[in-house]
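**Q** kindly generate the corresponding structure for this input.
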Amino acid sequence: MPGVSRRRSLLVLLLTMVAVAWLTRETFAARNGSSRQETLSFLLAGALVLGTYLSGGWPSRGRGRRLRVVGPVLTGLLLVVAFAVLGWLTSWIGPLDNGADAMERNARALSTLGLVALALAGAAEELFYRGALFERVRLPVLTTALAHMVTTLPAGNVALTLSAGFLGVVLGMTRRTSGGWRAPAVSHVVWALVSVWWLA
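**A** The predicted structure is shown next:
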């Protein structure tokens, strides 16, 4: 949608974030592993993709036609290690530990369909935050990380919100290095799926 004005584009992005915040709250409020939670996860991914498109079309895929996956995969694996260390360091901080426990219970309850929804939602988050939003704001690494954090606040999980911020900064740097949203999407999906495998 090449004719979209900057004002309209930002309005669409903002409205998408409102929808994503609500869907995030409902997803984490649903029973772990339930069909409702899976459906909400797919809806979350769909809202992010639709918001990206309506805000002005698809963002840049990156430099070159081919995606180099080794770097993004290694980044995803390093994120798994980083989160494991951070989880151990914060295990004695009540709100963070409780939030992490809730995320772990959710991960262990995921079905195959739930894993597909998780992967799609992770890729869609990068399409939106490190794609559409990244290309339309100032200080994009910081701004998109903060925006990602804001949309997790309604879930009421401190660990989730801080995770979104840490993930956002790292993947924002990956976006800046690669020039497109696909590399951070690969890293995000690898991190999410390997983390679930490790917890299971």
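**Q** tell me the centre residue of the chain?
**A** For the chain, Glu125 is the residue whose C-alpha lies nearest the centre (C-alpha atoms, centre = their mean; 4.1 Å).
**Q** what lies in contact with stretch 89-98?
**A** Contacts with stretch 89-98, where a contact means C-beta atoms under 8 Å, 6 or more residues apart in numbering, come from 100, 158-159, 162. Bear in mind the C-beta positions are built from the backbone N, C-alpha and C, glycine included.
**Q** mind listing what's buried in it?
**A** In terms of neighbour count (16 or more other C-beta atoms under 10 Å), stretch 89-98 has its buried residues at 90, 96.
**Q** measure that stretch end to end?
**A** Using C-alpha to C-alpha, to the nearest Å, the end-to-end distance of stretch 89-98 comes to 14 Å.
**Q** Phe83: which element?
**A** Secondary structure from DSSP states H and E places Phe83 in helix 70-89.
**Q** any buried residues in that helix, and which?
**A** For helix 70-89, the neighbour count (16+ other C-beta under 10 Å) marks 72-73, 75-76, 79-80, 83, 86-87 as buried.
**Q** now stretch 5-24
**A** Within stretch 5-24, the residues scored as buried using 16+ other C-beta under 10 Å are 9-10, 12-13, 16-17, 19-21, 23-24.
**Q** just stretch 133-149 next, same as before
**A** By neighbour count with 16+ other C-beta under 10 Å, stretch 133-149 contains the buried residues 133-137, 140-141, 143-145, 147-149.
**Q** tabulate those in TSV, adding columns for secondary structure.
**A** Converted to TSV, the buried residues of stretch 133-149 look like this (DSSP: H, G, I helix; E, B strand; the rest coil):
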residue	secondary structure
Leu133	helix
Phe134	helix
Glu135	helix
Arg136	helix
Val137	coil
Pro140	helix
Val141	helix
Thr143	helix
Thr144	helix
Ala145	helix
Ala147	helix
His148	helix
Met149	helix
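**Q** just these now: which is nearest Arg36?
**A** His148 (23.5 Å; C-beta to C-beta).
**Q** contacts only, for the closest one.
**A** His148 sits next to 125, 129, 164-165, 167-168 when contact means C-beta under 8 Å, 6+ apart.
**Q** swap in 10 Å and give it another go.
**A** His148 is in contact with 17, 20, 125-126, 128-130, 133, 161, 163-165, 167-169, 171-172, counting by C-beta atoms under 10 Å, 6 or more residues apart in numbering.
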